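coords please:
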Amino acid sequence: MNHRILKNLIVCVLGLIVLNGCSKRADWVRFRGEGGRGASAARISPPLGVRWKIKLQPDNETIRSLNPPVVIGDTIYFGSDDGNFYALDVESGYMRWVFKSGAEINSIPYADSKQVYFGSKDGKLYALFRQDGREMWSFLTESQVNSQVERYGDHIIFVSDSDAIYFLSPEGEEQFRIDNPGWYNFTYLMADDVMYFATGPRVELLGAYDINKREFLWFLPYREIADSWYSFATVNGDLLHFATADGRSGMSLSFYAFNRRTGDMVWQQHRDGVYGWDWDEEAIARLFFRDVELLDFMAPAIWKDRVIYTGGDTMARAFNTSTGDLRWEQSFDMPISSAPTIAGDRVYFGLLGDDYTPPQLVCISARNGKILWRMKTEGSILSAPVIAGKRIIFGTDKSVFYVLEEVF
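The predicted structure follows:
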């Protein structure tokens, strides 16, 4: 074969490899990632630099929620306390479009090939055309919609506060519902056609619900737990991990593993919240009521044989997934402001600021909890960072939206 022809063929093959590699999109379209594990397949390591940031509102008002966005293709989608739903270019921050709902948005969206779905405190679930933000349809409930939204098979699933868990068709027609007698800011995990957790006919009943049989498989022992906040759960093999909190008198934190098939408790760990010397019960209660606006408050993240928790107090903790044995703890000089997200063996989350120390994004080792890197942020990070490819994305309580990337 002619050497020039061979050289051209090699160049073409290499070009195709590069193009195919570049065409792989780093999407994040599901709350807490695949399996709810709070982990990305990407490996991203500090130092990180600001790719771009944007202030969504001109004033300095502190907002209470800016829940995690979804990323699909070259666009980031998220809603905010200002009632707007945004579509921003992931590379530049250019605003592709904005949709104004009838009230604040505390819902976590979901995007598929054509539409993006989200709920609003105006009581509606919206489906917008991803390309230009046109409203395709909306569905009115009897209360605020403050849950995550998920498309699972042919179901669009979301929760309306103290109303119902709704299952709609992709065209916005109701398929069926489950009564929600009293839960607010409710989240759920879908795994193998089972919802962890669904609401029962009484407010104290939360359980595993088979959406095909439309029946509960088991209920949590509510009287034994009796806490006021139940976190989003994650599945790790046959184990279901979640945390609970009670901020009515100080802060009480508990961490659980249940057999997701049988509903039997496998292990439990309890901790009293750890704070600085100047934190009294009133300050801790204010922190609790701030935290429960965040749908991923105390949500676990899974790394190998460890389940990692942040939020609720000043400690990050890792337990053995099978036994509940403590693997490590890492303390900070201020409360943690967000749930964790894992990339490779790095854990990312936010720290609250105070009068003396600015808020921060923190990176620690998933292996031993060692602090690896910190970055000051304009406002406290509200929810777990989203990791899409080589970028870390999050919003703060000062209405600042960040996109970071690796610095080479």
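
now do the same for the residue nearest to residue 132 when sequence neighbours are not counted: helix, strand or coil?
Leaving aside its sequence neighbours, residue 132 sits nearest to residue 97 (Cβ to Cβ, 6 or more residues apart in numbering; 5.8 Å). Where you see a C-beta, it was placed from the backbone N, CA and C, and this is true even at glycine. Per DSSP: H, G, I helix; E, B strand; the rest coil, the local secondary structure of residue 97 is strand.

and stretch 272-291, how far from the chain's centre?
23 Å (Cα atoms, centre = their mean, to the nearest Å).

dump that stretch to PDB, restricted to CA.
Provided in PDB are the C-alpha atoms of stretch 272-291 (Å, rounded to 0.1, in the frame of the first residue of the first chain):
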ATOM      1  CA  ASP A 272     -26.200  14.200  68.300                       C
ATOM      2  CA  GLY A 273     -25.400  17.200  66.000                       C
ATOM      3  CA  VAL A 274     -22.000  18.800  66.600                       C
ATOM      4  CA  TYR A 275     -21.700  22.600  66.500                       C
ATOM      5  CA  GLY A 276     -19.500  25.400  67.700                       C
ATOM      6  CA  TRP A 277     -19.700  26.800  71.200                       C
ATOM      7  CA  ASP A 278     -21.900  29.800  70.100                       C
ATOM      8  CA  TRP A 279     -24.600  27.600  68.600                       C
ATOM      9  CA  ASP A 280     -27.700  27.600  70.800                       C
ATOM     10  CA  GLU A 281     -31.000  25.600  70.300                       C
ATOM     11  CA  GLU A 282     -32.600  28.600  68.500                       C
ATOM     12  CA  ALA A 283     -29.700  28.800  66.000                       C
ATOM     13  CA  ILE A 284     -29.800  25.100  65.400                       C
ATOM     14  CA  ALA A 285     -33.500  25.200  64.800                       C
ATOM     15  CA  ARG A 286     -33.000  28.000  62.200                       C
ATOM     16  CA  LEU A 287     -30.400  25.800  60.500                       C
ATOM     17  CA  PHE A 288     -32.800  22.900  60.400                       C
ATOM     18  CA  PHE A 289     -35.600  24.900  58.800                       C
ATOM     19  CA  ARG A 290     -33.200  26.200  56.200                       C
ATOM     20  CA  ASP A 291     -32.000  22.700  55.500                       C
END
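
buried residues in it?
When neighbours are counted by 16 or more other Cβ atoms under 10 Å, the buried residues of stretch 272-291 are found to be 273-275, 279, 284, 287-288, 290-291.

got it, and stretch 343-360?
343, 346-353, 359-360.

closest to residue 398 among those residues?
residue 359 (8.8 Å; Cβ to Cβ).

look up how far residue 58 lies from that closest one.
With the distance defined as Cβ to Cβ, to the nearest Å, residue 359 ends up 20 Å from residue 58.

do the same with residue 31
30 Å.

low-confidence bits of the stretch 201-350 of the chain, can you list those?
Along the stretch 201-350 of the chain, the parts satisfying pLDDT under 70 run over 249.

so where do the helices sit in it?
In the stretch 201-350 of the chain, the segments counted as helices under DSSP state H, counting those that start in this stretch are 222-225, 281-291.

my guess is residue 346 contacts residue 44, does it?
Yes: counting by Cβ atoms under 8 Å, residue 44 is a contact partner of residue 346 at 7.0 Å.

quick one: list the elements packing against the helix or strand hosting residue 116.
Using DSSP states H and E, residue 116 maps to strand 115-119. Using 3 or more Cβ pairs under 8 Å, 6 or more residues apart in numbering; DSSP states H and E, the elements in contact with strand 115-119 are strand 75-79, strand 84-89, strand 110-111, strand 124-129, strand 155-160.

can you list the strands that the last one pairs with?
The one in question is strand 155-160. Note on strand 155-160: by DSSP bridges, its sheet partners are strand 150-152 (antiparallel), strand 164-168 (antiparallel).
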